[in-house]
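Trainee: quick one, what's the 3D model for this:
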Amino acid sequence: MNRAEVVGINLLKREAKKPVARRIRERRPGERRPFSLGRDKAVIGVLFLVLLLGFGGYYLKLDRTIRAKERVLAKKKAELKKLERVYVRIRILEARKQELQRMVKVIETLSSGRDSVVKFFEKLEGAIPDNSWLSSYSLKGKEVQLVGYSLEDNGVADLMENLSHIKEVSYCKLRYIKEVGLAGIRVRQFALTTLLK
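Mentor: Prediction:
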């Protein structure tokens, strides 16, 4: 073999080893890249997994938060039921307290009124003049109606003056005075209204 043939063989071998150049077709403006199934699927799959994990994590976080809030709400409802029972008891006790206070006021009013009535009737005996007497009386609240007889007109006037000096008496008013016959004697029948303090 001569040298030219050896060089030629070597060149052929080198040319055989060169990779075949691929023809790349240029894309036109606005034309999309052709779909490559392998790489695009992988990118879409990874994006889908990332979104799925993100939404799944967010859902789990929301679920945990909702369950925690529901537990707190259940505890608050249980406390509210207990407090409602206490509130009802307090309302009952307040109503009883108001009723007792009202009764105490009534008792105090009656006892103070009774004291003034008792004192009035104790002093009434000494206020009646010698020539006068009472036939009946009625007590309604603090008002006392007195009905009686007197042998003379001055007896009624003296009785009214004596009643006005009793400190438990607010005022004394003559309702009527008239002359009547009693056991064959002419006497004056009178009626007085006395208001106590």
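
Trainee: can you give me the buried ones in the host helix or strand of residue 170?
Mentor: For residue 170, the host element (DSSP states H and E) is strand 169-182. By 16 or more other Cβ atoms under 10 Å, the buried positions in strand 169-182 come out as 169, 172. For every residue, glycine as well, the C-beta is placed using N, CA and C.

Trainee: so where do the helices sit in this structure?
Mentor: Counting by DSSP state H, the chain has helices at residues 3-17, 37-127, 153-164.

Trainee: out of these, deepest packed?
Mentor: Mean neighbour count (mean count of other Cβ atoms under 10 Å) peaks for helix 153-164 among the helices of the chain, with a mean of 17.

Trainee: that helix to helix 37-127, inter-axis angle?
Mentor: Counting by axes from the mean of the first three to the mean of the last three Cα atoms, to 10 degrees, helix 153-164 lies at 140 degrees to helix 37-127.

Trainee: of all the helices of the chain, which lies closest to residue 196?
Mentor: Each of the helices of the chain has some distance to residue 196 by Cβ to Cβ; the shortest is helix 37-127, at 5.2 Å.

Trainee: roughly how far is that closest one from the heart of the chain?
Mentor: The chain centroid and the centroid of helix 37-127 are separated by 9 Å, computed with Cα atoms, centre = their mean, to the nearest Å.

Trainee: now for it, which elements pack on it?
Mentor: Counting contacts by 3 or more Cβ pairs under 8 Å, 6 or more residues apart in numbering; DSSP states H and E, helix 37-127 is packed against helix 153-164, strand 185-196.

Trainee: pLDDT weak spots in the protein?
Mentor: Per-residue confidence of the chain (counting by pLDDT under 70) places the weak regions at 1-38, 107, 109-114.

Trainee: give me the residue at the spatial middle of it.
Mentor: In the chain, the C-alpha nearest the mean C-alpha coordinate belongs to residue 87, at 9.6 Å (Cα atoms, centre = their mean).

Trainee: how close does that residue get to residue 62?
Mentor: Shown here: residue 87 relative to residue 62, a distance of 35 Å by Cβ to Cβ, to the nearest Å.

Trainee: could you do residue 68 as well?
Mentor: Remark: distance between residue 68 and residue 62 (Cβ to Cβ) = 11 Å.

Trainee: what about residue 134, how many residues nearby?
Mentor: Per other Cβ atoms under 10 Å, the neighbour tally for residue 134 reads 15.

Trainee: equivalent analysis for residue 149, please.
Mentor: 18.

Trainee: tell me the bridge partners for it.
Mentor: Taking DSSP bridges as the rule, residue 149 bridges to residue 133, residue 189.

Trainee: what sits against it?
Mentor: Counting by Cβ atoms under 8 Å, 6 or more residues apart in numbering, residue 149 touches 132, 133, 135, 180, 182, 187, 188, 189, 190.

Trainee: nearest to residue 93, of these?
Mentor: Residue 93 has its nearest neighbour among the contacts of residue 149 in residue 135, at 51.9 Å by Cβ to Cβ.
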